[in-house]
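Chemist: Return atomic coordinates for the entry below.
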Amino acid sequence: MLFPAAIYFTHFLYFAPLPATYPYFDAIFAYTSLLGFPMYYVYFRLLTVDKKFSLKAHGKYFIVAILVGTLYSVGVLLAPKAEYKVWLYNQTAYADNPHIRFLAAMRILGKITYLVQVVMTVIGNHFLLKKYGAKAEQYYSDIQDGKNTNARMLNYSMVALGIAAFIFGTLGRYSIVQHNWYIYSGWSVFSIILFYMGYMGFKQKPINPTFDSMDATDEQNQTFEFTTSVEQKIVHILEVEFEQKKVYLNSKLNIMDVVEAVGTNRTYVSLVINQKYNQNFCTFVNGYRIEELRRVIITNPEYTNETLAQCCGFGSLNSMKRAISFKTGLSMSDWRNQIIVPDNKLNSPLNQ
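Modeler: Prediction:
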């Protein structure tokens, strides 16, 4: 959120207007506006396919933005200061000055780069969440009704932000500054979207941050400690919570409830579930619910599907059907018949 904050601050200086102050921050605006969407794309990669941020792995996504921003900054340094300050608020001024013409060309290149980044980021994030949405949901967790609700809402927010950025980026600040309602509407739209995205991240805090306060200078010791005592502790508590206490019967259960019971943070819980059980949180919980469903069907075959969904922890009938289909590839009725028919055969007079 530091980059949006920097962009907001430079926008404030420009639209206030503060023409005596803004020129000193214009280059900062160029860099932050161009780096914003690549940052969001890298953020989505960290939610889905990449384990940690690395300049070696992620630096390539910032090269174009840094190059264009640097060219613009060089133009700012070389341009005559008086003409440059006037040009910032009047794009038609000093059109014959070669330095101003260079700046104007770099401004157009920056706008094109920005708009291309918006489109590519939205498309890239869409495909990342489409393919790895379950993994992203380990952070933005909402297991209710078996949907990746928060991950999808995050993507929709990014789409809305991208559309708004594309529209206002196409208009340009010089056009916007001449109409106050453009400014008010733009700030309102971006503020609401960014606040929502920030709120989603803010509410996903570790329950017990002191649990993972290991020595950051010894990565090998961190790995060893986690893969032995810490992992065993998490596995043991998970078994108690799910096999003895049957927390999965709570249809409102989410990953933060489990994190609180374990006494660690969501990263460790997700990691153990992924590595130990080769599942994400949603499929892990629904696996227990399906086994409970099997037991209830055998003992109470007269129960309706709606009753089964309620007593086995599923948020709804549709959620139960989706879980069965995902787990077995069968419809609810076919799967239920497979359970009831063998059980009836075992209790028939021919087998007594």
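Chemist: tell me the contacts of F168?
Modeler: Under the criterion of CB atoms under 8 Å, 6 or more residues apart in numbering, the contact list for F168 reads 176, 182, 186. Yep, even glycine has a C-beta here, placed from its N, CA and C like the rest.
Chemist: go again using 7 Å as the cut-off
Modeler: Residues in contact with F168 (CB atoms under 7 Å, 6 or more residues apart in numbering) are 176, 186.
Chemist: That one: what secondary structure?
Modeler: Counting by DSSP: H, G, I helix; E, B strand; the rest coil, the backbone at F168 sits in helix.
Chemist: again, but for T264
Modeler: T264 ends up coil, using three-state DSSP.
Chemist: my guess is it meets E231, correct?
Modeler: No. If you go by CB atoms under 7 Å, T264 and E231 don't touch, sitting 10.4 Å apart.
Chemist: I'd like the mean pLDDT over the helix ranked longest in the chain, please.
Modeler: In terms of residue count, the longest helix belonging to the chain (DSSP state H) is helix 98-136. The pLDDT scores in helix 98-136 average 84.
Chemist: and if you look at stretch 249-269?
Modeler: 85.
Chemist: gap between the two ends of it?
Modeler: End-to-end distance for stretch 249-269: 19 Å, by CA to CA, to the nearest Å.
Chemist: what does stretch 52-64 give?
Modeler: So stretch 52-64: terminal residues 22 Å apart, CA to CA.
Chemist: any idea how this protein splits into domains?
Modeler: Following automatic domain parsing, the chain resolves into domains at 2-202, 218-349.
Chemist: By mean pLDDT, flag the weakest helix or strand of this protein.
Modeler: Least confident helix or strand, the chain: helix 219-225 with a mean of 41, by mean pLDDT, DSSP states H and E.
Chemist: Around E239, how many other residues sit close by?
Modeler: 10 (other CB atoms under 10 Å).
Chemist: Check what pLDDT it gets.
Modeler: 92.
Chemist: residues in contact with stretch 306-316?
Modeler: 144-145, 248-251, 289, 292-293, 296-297, 317, 320, 323.
Chemist: give me that answer again for 6 Å
Modeler: For stretch 306-316, contacts defined as CB atoms under 6 Å, 6 or more residues apart in numbering pick out 144-145, 248-249, 251, 289, 292-293, 317, 320.
Chemist: helices or strands up against the longest helix of the chain?
Modeler: helix 26-48, helix 63-78, helix 149-171 (3 or more CB pairs under 6 Å, 6 or more residues apart in numbering; DSSP states H and E).
Chemist: can you rerun that using 7 Å?
Modeler: Under the contact criterion of 3 or more CB pairs under 7 Å, 6 or more residues apart in numbering; DSSP states H and E, helix 98-136 touches helix 26-48, helix 63-78, helix 81-89, helix 149-171.
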